[in-house]
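Q: Below are the sequence and a predicted model; questions follow.
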Amino acid sequence: MGDNSVVEDRVRVVIAEDSVLLREGLTRLLTDLGHDVVAGVGDAEALIKTVSDLAAQEELPDVVVADVRMPPTHTDEGVRAAVQLRKEYPDIGVLVLSQYVEEQYATELLAGSSRGVGYLLKDRVAEVREFVDAVVRVARGGTALDPEVVAQLLGRSRKQDVLVRLTPREREVLGLMAEGRTNSAVAKQLVVSDGAVEKHVSNIFLKLGLSPSDGDHRRVLAVLTYLKS
């Protein structure tokens with residue numbers, strides 16, 4: 001079935017979603033592709049307790065997938081729990097799902113640690129391969145941001161001084177990086193060579209003041225600088 005790469009990247013997941021149908025669907029989707037869903041809960045309080053219990057057993061999940069809005073008020077319980085978990089357990093990736101682009105929640109989630117964070121619209125779950133790849137990427141410390149989230153934050157960020165030094169093409173490359181795309185994927189999207197993308201990425205790092213000593217972490221730092229500017 002061509003899923004060997006997914007199985008080799010097996011991750012342990014906790015799902016927090018108040019819709020039983022969606023929660024069970026996500027569980028089935030991930031387990032069918034070789035991942036371990038160690039718990040599924042329906043509210044933020046249960047999410048925090050579950051992760052705490054797993055931590056006490058030294059069995060922390062690699063990633064938490066959580067709905068932004070959960071009981072009892074269906075406002076921001078999910079993202080609040082996600083932010084709390086990122087502070088208490090920085091090694092856990094957090095991927096939140098939302099019905100709409102909610103800039104305040106996206107910005108709050110991205111504040112602080114620059115590793116293992118994702119924000120996707122629920123419609124993206126229907127794109128099975130992209131969704132599962134996003135779960136794995138966040139579990140491994142990368143980013144996975146919905147293109148619509150990136151577009152909205154980019155519209156705001158263009159007015160900020162930190163990006164004035166970037167050319168329009170460099171901002172475009174950085175926007176695609178923020179979605180979690182590799183250099184090759186960016187090149188394919190922009191219909192340019194891999195070498196051209198590598199040059200743009202190097203210029204972005206230079207203009208944002210990210211030194212080579214930061215290694216691969218520079219990519220995430222660049223994205224976070226861009227999104228939080």
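A: The structure has been received and is ready for your questions.
Q: I'd like to know which elements whatever helix or strand residue 52 lives in is packed against.
A: Here residue 52, judged by DSSP states H and E, is contained in helix 44-56. If you count contacts as 3 or more C-beta pairs under 8 Å, 6 or more residues apart in numbering; DSSP states H and E, helix 44-56 packs onto strand 12-16, strand 36-41, strand 63-67, helix 77-88. Using the backbone N, CA and C atoms, a C-beta is placed for each residue, glycine as well.
Q: how does it look with 6 Å?
A: The elements that helix 44-56 packs onto, with contact taken as 3 or more C-beta pairs under 6 Å, 6 or more residues apart in numbering; DSSP states H and E, are strand 36-41, helix 77-88.
Q: Please save the CA atoms from that helix in CSV.
A: Written as CSV, here are the backbone C-alpha positions of helix 44-56 (Å, rounded to 0.1, in the frame of the first residue of the first chain):
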residue,chain,number,x,y,z
ALA,A,44,-9.7,19.9,27.6
GLU,A,45,-9.7,18.8,31.3
ALA,A,46,-9.5,15.2,30.3
LEU,A,47,-6.8,16.0,27.9
ILE,A,48,-4.6,17.6,30.5
LYS,A,49,-5.3,14.8,33.0
THR,A,50,-4.5,12.1,30.4
VAL,A,51,-1.2,13.6,29.4
SER,A,52,-0.3,14.2,33.1
ASP,A,53,-1.1,10.5,33.9
LEU,A,54,1.0,9.4,30.9
ALA,A,55,3.9,11.6,32.1
ALA,A,56,3.7,10.0,35.5
